[in-house]
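Chemist: take a look and give me a structure for this.
(chains A and B)
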Amino acid sequence: MQNKESFSDEELAIRTQQGGTADFEELAKRYWPRLHRFLLTYGNDAFASDITQETLLRAYQKISYYHSKKSFAPWVFTIARNLALNSLKRSKRKAEVTMDENLTESNQVIENDHEIGMVWGKAKQFLSKTAYGSLRLHYGEELTVKEVAIIMGKSEIAIKVILHRSRKKLAEYFKSNPIKL
Amino acid sequence: MRIKSILQNKHRNEAEKQVVEKLRHEAHLEKISSSQSKKYGNEVSQFLDLIKDESNPDRKIKKNNRNSTFYLPRLAFATFSLCIVSFLIFKGFEKPEENKSIQDLSLIEDLVELEFQPDLDFVKNINLENFTWEKPSLDLNLILIPMADFGSLFTDIEIIPPLNLYFDPVQNLPNRLTPSEFWDFKKNTREEIKNFKDSIPFLEEIYQTNRES
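Modeler: Purely as a prediction, here's the structure:
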């Protein structure tokens, strides 16, 4: 019997469609940390964990909608982004009522600095959510510009421009605040 | 040069190149640490338990039985709209009875005898001197009858407007006549009403009975 680790993401997804829960377990192991890191774009560690769980659960429930000829990563990252944005909308409404938004945001920055690297931390601090998310997917998760464009709901040119501006902004910052690798 | 570098998604200078290298390097370190992380291991195992629970058919049944309050207002509105539409269709418009005609004296006779005895005063009290040929400022029948006729083109039901001609013939007919037609109508109607009264032999008796009662 072939080891599950040797299967590609797409193969595992197709096997899950055919009823293999064990194949989805392998997918969950692969994607949990990737999704968690990406979802730190939109909130703190607890938020990222919740949405990661919800994303994978949703992916498992809706696996029949996955198109076998397409790449699995953009599909699951798109679910993650949509769920994160919906959750943010809901929490924003709640925060407007409780007037607690500023407190939550400041806590998020402190917690996130422990979760991600220093350069990524600075990127999160200086860039917009879209720019940071695009940077994370392209340079962190090594997805192509086309895949990033699908996930972020933008054109390829727009993503290229966002990546260019982000690189430039970070380069300017590290020029004045040099760091060692 | 700048546009070219954007379209090719390449760094323009050494500083940008360094940033990209740092980002990639840190991402690589994160991947290594996450693969060894106990925290992720625990979270994944918890999630896998959740999936197993989700696969359980008993749980699916429970989930399907959950009531969603989100659709209740929509459902209430849809039901209300349906009630209104049903009321308008079935109550607002009546299906005509066959062979019912204003000129059908035998039918009027039956009605007088069986159903409309208390209302016979309307025949007795007709006084044509009170009517003029002038049209009222707003006659709803002028609007409703063409609408009803138009509506009848698309359905099998003949639509009778609310102001029914059958039970109010004298008040409505003159409004649709020209002045000369009106005077002719008035002259002829006197005779017709007389004939109508004469055609009901027991009419005077009914008047008598009504007065006594």
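Chemist: just want the most central residue of chain A.
Modeler: Central residue of chain A (C-alpha atoms, centre = their mean): A:Phe38, 2.5 Å from the mean position.
Chemist: distance of that residue from A:Leu143?
Modeler: 10 Å (C-beta to C-beta, to the nearest Å). (Glycine included, C-beta is placed from N, CA and C.)
Chemist: give me the common contacts of these two.
Modeler: A:Phe77, A:Leu137 (C-beta atoms under 8 Å, 6 or more residues apart in numbering or on different chains).
Chemist: where in chain B is pLDDT low?
Modeler: Low-confidence segments of chain B, defined by pLDDT under 70: B:1-6, B:11-12, B:54-70, B:88-145, B:147-148, B:150-182, B:185, B:200-204, B:206-213.
Chemist: over to chain A?
Modeler: Filtered on pLDDT under 70, chain A yields the residue ranges A:1-2, A:95-115, A:179-181.
Chemist: show me the domain layout of chain A.
Modeler: Listed domain ranges for chain A are A:1-115, A:116-181 (source: automatic domain parsing).
Chemist: ok, now chain B?
Modeler: Looking at automatic domain parsing, the domains of chain B come to B:2-64, B:105-212.
Chemist: in chain B, which residue sits nearest chain A?
Modeler: B:Glu26 (3.3 Å; C-beta to the nearest C-beta).
Chemist: and that residue, what does it touch?
Modeler: By C-beta under 8 Å, 6+ apart, B:Glu26 lies in contact with A:Ile116, A:Gly117, A:Met118, A:Val119, A:Trp120.
Chemist: please apply the same query to A:Ser49.
Modeler: By C-beta under 8 Å, 6+ apart, A:Ser49 lies in contact with A:His36, B:Glu43.
Chemist: which element follows the helix or strand where it lies toward the C-terminus?
Modeler: Of the helices and strands defined by DSSP states H and E, A:Ser49 is found in helix A:45-61. Scanning forward in sequence from helix A:45-61 by DSSP H and E, the next helix or strand is helix A:72-98.
Chemist: tell me how many other residues surround the closest residue to chain B within chain A.
Modeler: Scanning chain A for the residue nearest chain B gives A:Gly117, at 3.3 Å (criterion: C-beta to the nearest C-beta). Using other C-beta atoms under 10 Å in any protein chain shown, A:Gly117 is surrounded by 19 other residues.
Chemist: please name the nearest non-neighbouring residue to it.
Modeler: In this structure, A:Gly117 finds its nearest non-sequential neighbour in B:Glu26, 3.3 Å apart by C-beta to C-beta, 6 or more residues apart in numbering or on different chains.
Chemist: who in chain B is up against chain A?
Modeler: B:5-7, B:9, B:11-13, B:15-16, B:18-27, B:29-31, B:34-35, B:37, B:40, B:43-44, B:46-48, B:50-52, B:54-55 (C-beta under 8 Å from any C-beta of the partner chain).
Chemist: give the buried subset of those residues as a PyMOL selection command.
Modeler: In PyMOL, a selection of the buried entries from these looks like this (16 or more other C-beta atoms under 10 Å in any protein chain shown):
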select buried, chain B and resi 5+6+9+11+12+15+16+18+19+20+22+23+26+27+30+34+37+40+43+44+47+48+51
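Chemist: next step: the residues of chain B next to chain A restricted to helices.
Modeler: Among the residues of chain B next to chain A, the members falling in helices (DSSP state H) are B:5-7, B:15-16, B:18-27, B:29-31, B:34-35, B:40, B:43-44, B:46-48, B:50-52, B:54-55.
Chemist: list the residues that contact the spatially closest residue to B:Ile51 that is not a sequence neighbour.
Modeler: Nearest-residue entry for B:Ile51: A:Tyr60, 5.8 Å, with adjacent residues in sequence omitted and distances by C-beta to C-beta, 6+ apart. Contacts here follow C-beta under 8 Å, 6+ apart; on that basis A:Tyr60 touches A:Thr16, A:Phe24, A:Ala28, B:Ile51, B:Glu54.
Chemist: TSV for those, including distance to A:Ala80?
Modeler: Shown next, in TSV, are those (distance: C-beta to C-beta, whole Å):
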residue	distance to A:Ala80
A:Thr16	17
A:Phe24	16
A:Ala28	13
B:Ile51	17
B:Glu54	18
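Chemist: which of the residues you listed sits closest to A:Phe72?
Modeler: Of all the contacts of A:Tyr60, A:Phe72 sits closest to A:Thr16, with 10.0 Å by C-beta to C-beta.
Chemist: A:Lys129 touches A:Tyr42, doesn't it?
Modeler: Yes - taking contacts as C-beta atoms under 8 Å, A:Lys129 lies within contact range of A:Tyr42: 6.3 Å.
Chemist: of the two, who's got more company?
Modeler: The residue with more neighbours, out of A:Lys129 and A:Tyr42, is A:Tyr42; 20 against 16, by other C-beta under 10 Å.
Chemist: buried residues in stretch B:187-194?
Modeler: In stretch B:187-194, counting by 16+ other C-beta under 10 Å, buried: B:Thr189.
Chemist: what about the closest residue to A:Glu156 other than its chain neighbours, distance to A:His164?
Modeler: Leaving aside its sequence neighbours, A:Glu156 sits nearest to A:Ala149 (C-beta to C-beta, 6+ apart; 4.6 Å). The gap separating A:Ala149 from A:His164 is 14 Å, by C-beta to C-beta.
Chemist: now do B:Lys10
Modeler: Distance of B:Lys10 to A:His164, given as C-beta to C-beta: 9 Å.
Chemist: the two: which is more packed in?
Modeler: The residue with more neighbours, out of B:Lys10 and A:His164, is A:His164; 20 against 14, by other C-beta under 10 Å.
Chemist: which strand or helix spans that one?
Modeler: helix A:156-176.
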